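> Sequence and predicted structure below; questions after.
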Amino acid sequence: MVDSGSDEALFASLRDRLFTAVAGDVLDRMGHRRQFLPQAIGPLRADMKIVGRAMTVLEADVFDDVSVTGRGPLSGRPFGLMMEALDDLAPGEVYIATGSSLTYALWGELMSTRAIHLKAAGAVLDGYVRDAAAIEALGFPTFCRGIYAQDQGPRGKVVDYRTPIEIQGVRIHPGDLLFGDREGVLVIPAGAEREAVGRALEKIATENQVAAAIRQGMSAKEAFETFGVL
Amino acid sequence: MVDSGSDEALFASLRDRLFTAVAGDVLDRMGHRRQFLPQAIGPLRADMKIVGRAMTVLEADVFDDVSVTGRGPLSGRPFGLMMEALDDLAPGEVYIATGSSLTYALWGELMSTRAIHLKAAGAVLDGYVRDAAAIEALGFPTFCRGIYAQDQGPRGKVVDYRTPIEIQGVRIHPGDLLFGDREGVLVIPAGAEREAVGRALEKIATENQVAAAIRQGMSAKEAFETFGVL
Amino acid sequence: MVDSGSDEALFASLRDRLFTAVAGDVLDRMGHRRQFLPQAIGPLRADMKIVGRAMTVLEADVFDDVSVTGRGPLSGRPFGLMMEALDDLAPGEVYIATGSSLTYALWGELMSTRAIHLKAAGAVLDGYVRDAAAIEALGFPTFCRGIYAQDQGPRGKVVDYRTPIEIQGVRIHPGDLLFGDREGVLVIPAGAEREAVGRALEKIATENQVAAAIRQGMSAKEAFETFGVL
């Protein structure tokens, strides 16, 4: 279903010609109505966009970086599988993590530096990030719930990766196409990618016609009846 | 009670000489203590101000844009009365909407374009907006709870307009004067308009005196005893 | 425990060479794990930093600025002890307040002007501030939960100051060292100040080494095993 040659063209259309509003609209029409991550997840800087395939990461809260008495397989490993997950990023992939409480940072400068080296496309955190100024300077597309320096070390671990995850009811499979800008992050279902992008490009043309008609005084009611869009 | 000639002078005082903090203070003194909309409703861009009369809009969540089986009067109409409400905006009016859940956008670029054509004064949404960059470029004063591209189409409808509404206990009647800046949105009760603006202009003069005295070393205690203001 | 000569050197290290992420990390290692104020408390402007000693302020909600029938010791005093608390600020101190609901502003322009005159180091509010543009122009380091013009007058009073306070489980004693930047506000426990700053300066050197190694292609796993840091 996915070959890297056509991924490039697809990614370029999303990055250079589309935005999440129009892509979400066509997904709605195609019957995919739970594709936007929650509103609180936004870009670190308003001009950041993200296009790439999900490398899913599952976090869990812990209460010590190393537990001598704990019987779990990760009790003795600070950060759990975080280093393995990070090192596993492939070009064009997006590190997307959920599962933790909102009390510490899930991403920072050194992780961004490693991800850039691996040619990853960005990071989406259902939580906070730290080292915001450094990440902005690196220009690495990072979407999150906000900025907070408190460290993950004694508070959270990566317990799995490349496993299906959910963020407030939106399911993300490894390899799903993620598309984010200032107005939200969209999970584009695997089977819907080409059709969604094609229809979104068409819808933009229609919207430009509607805008021109409205600027010339057409009423909202007439515009909606004429173009089916507002 | 309201004639457009004096509205112009009133609007100019609010827009050019006043800010919400001082206007809210005098409303407090006049016994009007529930006039600020919730803190989370702010301008799309920090420098936006809004002054105008409320054109109230009531939203409701739905779960399909068209319901074939629904028996309600708006079951068959996508967006309900949204086009009618938008087209009904008069010069100097503010489209102010509440009633929906926080899961989709209540306002966007095409609506702003139509509102500008009708010489409306702005929009206040108890919810999200989309097309933020386009609205900022248009310079249309828009206040909201944040930015989110998810479409209203299959999720919400306008069910009434020019009807009294409430936002977290603050009641807004059609025609109420709205005054918003970076620090909040104030609903100025109809009978209190002239007195509130007059007293606010006076209070600014006093505050400037207090600031000068404090810069010269007057204590907060003495300043409050002397001027009755801090 | 605290002498002003060494305070100056300590403050300079924090202000000019450190940031909250690295300081919080070393406090974690030293066993102090509840030192960050909640994520929602941030600087009014992203470039503001705060370094100073806590002048703690306890707020409480009221429902009138003056209550004729109330039997409490502050029933007749608008703002309670706010003027006294403000006037009591010593050079290098930070006005830090909690206890109120999130419905009004705890700080504004005139308070900032007075605090600057007293050479205070900043303000940290577990609540909102008003007159944001004026405070930004004054450049007074102010950390808060957001901007909201609604006045404290008929809604809140200062009921005590120089008393221990807590903000979401983080305890702050009068005189505690506060360190804040864009990524959070840290309460540095009195006994841990010198060691924390010393260790934080060392950790920065290590982090720079790790960043260089990762830029040259070292894996996250190897970097963490080599340096113990990521």
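Looks like it came in fine.
> what secondary structure does the residue of chain A at minimum distance from chain C sit in?
The nearest approach of chain A to chain C comes at residue A:149, 3.7 Å away (Cβ to the nearest Cβ). Just so you know, the C-beta spots here come from the backbone N, C-alpha and C atoms, and that holds for glycine as well. Three-state call for residue A:149 (DSSP: H, G, I helix; E, B strand; the rest coil): coil.
> Please look at it and residue C:184 and confirm they touch.
Yes. Assessed by Cβ atoms under 8 Å, residue A:149 is found in contact with residue C:184 at 4.6 Å.
> Could you tell me which residues touch both of these two?
Here residue A:149 and residue C:184 have C:20, C:24, C:36 as joint contacts, going by Cβ atoms under 8 Å, 6 or more residues apart in numbering or on different chains.
> can these go into JSON lines with extra columns for neighbour count?
Formatted as JSON lines, the shared contacts of residue A:149 and residue C:184 follow (neighbours: other Cβ atoms under 10 Å in any protein chain shown):
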{"residue": "C:20", "neighbour count": "25"}
{"residue": "C:24", "neighbour count": "29"}
{"residue": "C:36", "neighbour count": "26"}
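> nearest to residue B:47, of those?
For the shared contacts of residue A:149 and residue C:184, the minimum distance to residue B:47 (Cβ to Cβ) is 29.7 Å, reached by residue C:20.
> Next one, pLDDT for the closest one please.
Note on residue C:20: pLDDT of 98.
> now residue A:151: how far from residue C:224?
13 Å (Cβ to Cβ, to the nearest Å).
> More neighbours: those two, which one.
residue A:151 (24 against 19; other Cβ atoms under 10 Å in any protein chain shown).
> Hmm, residue A:105 and that one touching each other?
Yes. Residue A:151 lies in contact with residue A:105 (Cβ under 8 Å); the separation is 6.8 Å.
> Next, show the common contact partners of these two.
Any residue near both residue A:151 and residue A:105 by Cβ under 8 Å, 6+ apart counts here, and that gives A:130, C:21.
> what about stretch A:128-147, near chain B?
No. Judged by Cβ under 8 Å from any Cβ of the partner chain, stretch A:128-147 and chain B are separated, with a smallest distance of 12.2 Å.
> Could I get the average pLDDT for that stretch?
Averaging pLDDT along stretch A:128-147 yields 98.
> Need the distance between the two termini of stretch A:175-189.
Stretch A:175-189 has an end-to-end distance of 10 Å (criterion: Cα to Cα, to the nearest Å).
> can you list the residues of chain A near chain B?
Contacts of chain A with chain B, taken as Cβ under 8 Å from any Cβ, map to A:19-21, A:24-25, A:28, A:33, A:36, A:39, A:42, A:181-184, A:186, A:207, A:210-211, A:214-215, A:217, A:219-221, A:223-224, A:229-230.
> The longest helix along chain A: how far from the chain's middle?
As assigned by DSSP state H, the longest helix anywhere in chain A is helix A:193-215. Centroid displacement of helix A:193-215 relative to its chain, using Cα atoms, centre = their mean, to the nearest Å, is 23 Å.
> residue contacts, the residue of chain A closest to chain C?
Here residue A:149 is in contact with A:105, A:130, C:19, C:20, C:21, C:24, C:36, C:181, C:183, C:184, C:186 (Cβ under 8 Å, 6+ apart).
> So, low pLDDT: which residues of chain A?
Within chain A, the segments meeting pLDDT under 70 span A:1-5.
> mind listing the helices for it?
Listed in chain order, the helices of chain A (DSSP H) span residues A:4-17, A:20-29, A:82-87, A:109-117, A:132-138, A:193-215, A:220-227.
> near chain A, from the shared contacts of residue A:149 and residue C:184?
C:20, C:24, C:36.
> so who does the first one touch?
Meaning residue C:20. Applying Cβ under 8 Å, 6+ apart to residue C:20 gives the contacts A:149, C:36, C:179, C:180, C:181, C:183, C:184, C:185, C:186.
> rerun that using 7 Å as the cut-off
Neighbouring residues of residue C:20 by Cβ atoms under 7 Å, 6 or more residues apart in numbering or on different chains: A:149, C:179, C:180, C:181, C:183, C:184, C:186.
> what packs against the longest helix of chain A?
helix A:4-17, helix A:20-29, helix A:220-227, helix B:109-117 (3 or more Cβ pairs under 7 Å, 6 or more residues apart in numbering or on different chains; DSSP states H and E).
> The second one vs helix B:109-117, what angle?
Pointing back at helix A:20-29 there. Helix A:20-29 runs at 120 degrees relative to helix B:109-117, counting by axes from the mean of the first three to the mean of the last three Cα atoms, to 10 degrees.
> Could you do the longest one as well?
Using the same axes, to 10 degrees, the inter-axis angle of helix A:4-17 relative to helix B:109-117 is 10 degrees.
> Which other helices and strands does helix A:4-17 contact?
strand A:50-61, helix A:193-215.
> Tell me, how many residues neighbour residue A:229?
Applying other Cβ under 10 Å, I find that residue A:229 has 15 neighbouring residues.
> if I pick it, what's in contact with it?
Shown in contact with residue A:229 (Cβ under 7 Å, 6+ apart): A:206, A:207, A:210.
> Could you do residue A:157 as well?
A:60, A:62, A:74, A:79, A:80.
> How about it: which residues does it bridge to?
residue A:60 (DSSP bridges).
> ok, back up a step: and the contacts of residue A:229, which are buried?
Buried by 16 or more other Cβ atoms under 10 Å in any protein chain shown: A:207, A:210, out of these.
> just the contacts of residue A:229 now: which is nearest chain B?
residue A:210 (5.9 Å).
> wouldn't the closest one be in contact with residue A:223 here?
Yes. Between residue A:210 and residue A:223 a contact is recorded at 5.3 Å, counting by Cβ atoms under 7 Å.
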